[in-house]
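**Q** Using only what follows, build the 3D model:
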Amino acid sequence: MGDIAPRELISLADDEGNSVTVNVLGRDPGWSAGLEAEIVVQTPFVSGRIDLILYSSKLESWADALDRLDAGEDVAWMEMSNGPSVFIQLVGEGDCPEVVVEDESGSMVTVRVPLVPPDDWIADHRQRLQLVMDHWVPMLSA
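**A** Model prediction:
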């Protein structure tokens, strides 16, 4: 393993300037079982970010979400938790894939980002997840 901690758990972007990323920032100083993270949305129209805490079960549910996406299903990630939710729809309102970031419990803002990820994006995200889990999960206590 290198000395550099993996940062990008999710990185979805297109050539139109639309992107949604989930960045791992480090261990949560207030909770030893959590990782500080952020969701960053960038589009030519709107940009924003929101903090979140990741823990092992959220990382495991992201793995399940990737499996469902690979099987052609839309997914909701972190939908039943406090904090933001991420929905990935393979065919969104504009007949192209879209990512919906919803912060119902905080700001009450929802952002819908249409984007067409590269063909190999699911395999890329499985690798990103594995790097994050290999580096960070051993440091988290239950």
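
**Q** what about residue 133, neighbour count?
**A** 17 (other Cβ atoms under 10 Å). To be clear about C-beta, it is placed using only N, CA and C from the backbone, and glycine gets the same treatment.

**Q** which residues touch it?
**A** residue 59 (Cβ atoms under 8 Å, 6 or more residues apart in numbering).

**Q** Ok, residue 109 next?
**A** Contacts here follow Cβ under 8 Å, 6+ apart; on that basis residue 109 touches 48, 102-103.

**Q** can you list the residues that contact stretch 43-52?
**A** Residues external to stretch 43-52 that are found in contact with it (Cβ under 8 Å, 6+ apart): 16-19, 22, 36-41, 78, 83-84, 101, 103, 106-107, 109, 111, 113.

**Q** Send me stretch 93-112 as PDB with only the CA atoms.
**A** Coordinates of the C-alpha atoms in stretch 93-112 are reproduced here as PDB (Å, rounded to 0.1, in the frame of the first residue of the first chain):
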ATOM      1  CA  GLU A  93     -35.700  12.200 -16.600                       C
ATOM      2  CA  GLY A  94     -33.600  13.400 -19.600                       C
ATOM      3  CA  ASP A  95     -33.300   9.800 -21.000                       C
ATOM      4  CA  CYS A  96     -29.700   9.700 -19.800                       C
ATOM      5  CA  PRO A  97     -28.100   8.500 -16.500                       C
ATOM      6  CA  GLU A  98     -28.400  10.900 -13.600                       C
ATOM      7  CA  VAL A  99     -27.300  11.200 -10.000                       C
ATOM      8  CA  VAL A 100     -29.600  12.700  -7.500                       C
ATOM      9  CA  VAL A 101     -28.200  14.000  -4.200                       C
ATOM     10  CA  GLU A 102     -30.800  14.700  -1.600                       C
ATOM     11  CA  ASP A 103     -30.300  16.300   1.800                       C
ATOM     12  CA  GLU A 104     -33.800  16.000   3.100                       C
ATOM     13  CA  SER A 105     -32.800  15.900   6.800                       C
ATOM     14  CA  GLY A 106     -30.600  19.000   6.600                       C
ATOM     15  CA  SER A 107     -30.900  21.700   4.000                       C
ATOM     16  CA  MET A 108     -34.000  20.100   2.400                       C
ATOM     17  CA  VAL A 109     -32.300  20.600  -1.000                       C
ATOM     18  CA  THR A 110     -32.300  18.000  -3.900                       C
ATOM     19  CA  VAL A 111     -29.900  18.300  -6.800                       C
ATOM     20  CA  ARG A 112     -30.400  16.200 -10.000                       C
END
